[in-house]
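1. coords please:
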Amino acid sequence: MKRVLKGTMVSLVLGLTLFSRGVDVKAEDNVKRFVTPDDVIEIPADYFTDLQDVEEIVLGENVSEVYARAFDNCPNVKKLVINKNCDEIEEYALSGLTGLESIEVEKGNEEFIVKDNALFTKSMKTLIAYPRMCKKNKTFTVPEKTKQIFDTAFTNNAYIKKMIIKGDARDGQFWYCEKYACRGMKSLTTVIFKSKQIKHQLGFRDCKKLKKVVLANGTKTIKQRQFAGCKNLVSLNFPRSIKTAYENSFDGCKKLKISKRIKTIGKKNRFIIIDEMDEKELIAYTGIKKAVVKVPDGVGRINGAFEDNKYIKKIILPDSVKEIWAFSFQNLKNLKVVEYSKNVKFVEDCAFVNCPKYKIVKRKK
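-> Okay, the predicted model is just below:
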């Protein structure tokens, strides 16, 4: 059973690694600044949970790693200080700091750096996080060196109005998960890509004030849901290099006129299936109003295909399916049954995120 001591932490030593089990700072403590104790070397998931009054968190000098979901529902934390010895921060580690205004990295840290108020790896190849409530940048430029932007890095950002992407940066740490580092940016009106997006384009889903997008020459496709939910998008240049887009690339973009020369993938076949790593991979389903969905035979992998569908109640997978990857059924609030055979050998832990009603039925031959 998890014990939590007011204003302190509980630890468990396993071998040579010390894992902290949680910290609880009550409102009556009136704690505004919290420094992790010296014996804490790793910050696991849910270490900081529901901190309603703490405004600044300092990672103690011995903290070396911060795991995903380390901060859960900490809306009033305005400042995070990362010590000089921290050398690993996982994707989603800072996603719960929804009121963050600034990030500071202590001098001497060899892994991380803050530039233009954003937290990067020292090489600048990865952008880890940008404080959601930072008011200092109306325009933000993603450097050419940056190749990946962690999922949720700019999610629901309140103040950035214009983004310029200089290089071929992608959403998220892992290419095989459909992610949206820039989802729901509240003030964003303009996005400019300075170089062609080759494979893993940045998505700007649900950026409701977005009006103008400029794609670079050489970009060949627009990824699924890349601008879905951008209801005020009226201008997108469609360079001559663009050949294809997915049917759901512009879901909800009622003001946008799509070039007639663009071939729409998935317009007739509601299952969008690609060949990936010697397997037929289902990456999207666009038949949004069916309660029961039966996936076609031959599909070997499910990858993010049914995200955010509010109609599906039952999904039947064929015997050919062997793998179900991360976020494949994310936010299916009405999903009750997923049926598949014993041939499924791999299901990622986060495949069913925010699916409160579902159960798995393993089909017998």
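2. quick check: domain ranges of this protein?
-> Taking automatic domain parsing as the reference, the chain has its domains at 1-110, 133-268, 271-363.
3. could you give the average pLDDT over the second one?
-> In this model, domain 133-268 carries a mean pLDDT of 87.
4. repeat for the last one
-> Taken as a whole, domain 271-363 has an average pLDDT of 87.
5. same thing with the first one?
-> In this model, domain 1-110 carries a mean pLDDT of 78.
6. tally of neighbours for Gly300?
-> Gly300 has 18 neighbouring residues, counting by other CB atoms under 10 Å. Quick note: C-beta positions are derived from backbone N, CA and C, even for glycine.
7. got phi/psi on the spatially closest residue to it that is not a sequence neighbour?
-> Excluding the flanking residues, the one nearest Gly300 by CB to CB, 6 or more residues apart in numbering is Glu279, at 4.0 Å. The phi/psi pair for Glu279 (degrees, to the nearest 10) reads phi -140, psi 150.
8. which residues touch Glu279?
-> By CB atoms under 8 Å, 6 or more residues apart in numbering, the contact set of Glu279 is Gly300, Arg301, Lys322, Glu323.
9. using JSON lines, lay out those together with distance to Thr98.
-> Formatted as JSON lines, the contacts of Glu279 follow (distance: CB to CB, whole Å):
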{"residue": "Gly300", "distance to Thr98": "38"}
{"residue": "Arg301", "distance to Thr98": "33"}
{"residue": "Lys322", "distance to Thr98": "38"}
{"residue": "Glu323", "distance to Thr98": "33"}
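10. show me which of those is closest to Gly252.
-> Distance ranking of the contacts of Glu279 against Gly252, using CB to CB, places Arg301 first at 27.6 Å.
11. tell me the bridge partners for that closest one.
-> Glu281, Glu323 (DSSP bridges).
12. isn't it up against Val321?
-> Yes - with contact defined as CB atoms under 8 Å, Arg301 reaches Val321; the gap is 7.1 Å.
13. which neighbours do those two have in common?
-> With CB under 8 Å, 6+ apart, Arg301 and Val321 have no common neighbours.
14. related to what we said a few turns ago, and the domains of the chain, which is most packed in?
-> domain 133-268 (a mean of 19; mean count of other CB atoms under 10 Å).
15. chain center to it: distance?
-> 14 Å (CA atoms, centre = their mean, to the nearest Å).
16. and the gap between Asp278 and Gly300?
-> Separation of Asp278 from Gly300 (CB to CB, to the nearest Å) stands at 9 Å.
17. do you know how far the residue nearest to Gly300 is from Ser95?
-> 30 Å.
18. what does Ala245 give?
-> 29 Å.
19. same check, this time on Cys230
-> In terms of CB to CB, Cys230 sits 22 Å off from Ser95.
20. before we move on, what about Asn85?
-> When Asn85 is compared with Ser95 (using CB to CB), they lie 23 Å apart.
21. which residues of the stretch 101-250 of the chain fall in helices?
-> Read by DSSP state H, counting those that start in this stretch, the stretch 101-250 of the chain holds no helices at all.
22. repeat that for the stretch 251-365 of the chain.
-> Using DSSP H, counting those that start in this stretch, helices in the stretch 251-365 of the chain do not occur.
23. strands of that one, start to end?
-> Per DSSP state E, counting those that start in this stretch, the stretch 251-365 of the chain carries strands over the ranges 263-265, 271-276, 279-285, 292-294, 301-302, 314-316, 323-324, 337-341, 346-347, 359-363.
24. switch these over to TSV; also include distance to Phe120.
-> Formatted as TSV, the strands of the stretch 251-365 of the chain follow (distance: least, CB to CB, whole Å):
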stretch	distance to Phe120
strand 263-265	34
strand 271-276	29
strand 279-285	29
strand 292-294	41
strand 301-302	32
strand 314-316	39
strand 323-324	32
strand 337-341	39
strand 346-347	32
strand 359-363	40
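25. select, out of those, the one closest to Val63.
-> strand 346-347 (32.2 Å).
26. partner strands of the closest one, with direction?
-> Going by DSSP bridges, the partners of strand 346-347 are strand 323-324 (parallel).
27. who touches the strand it pairs with?
-> Glu279, Gly300, Arg301, Ile302, Leu317, Tyr340, Val344, Lys345, Phe346, Val347, Glu348, Ala351.
28. show me the contacts for the second one.
-> With contact taken as CB under 8 Å, 6+ apart, Gly300 is in contact with Glu279, Lys280, Glu281, Ser320, Val321, Lys322, Glu323.
29. now, among those residues, which is nearest to Lys254?
-> Glu281 (30.2 Å).
30. quick check: the closest one vs Leu59, distance?
-> Relative to Leu59, and taking CB to CB, Glu281 is found at 39 Å.
31. same check on Gln201?
-> From Gln201 to Leu59 the distance is 33 Å (CB to CB).
32. can you check Asp349 too?
-> Asp349 is 26 Å from Leu59, by CB to CB.
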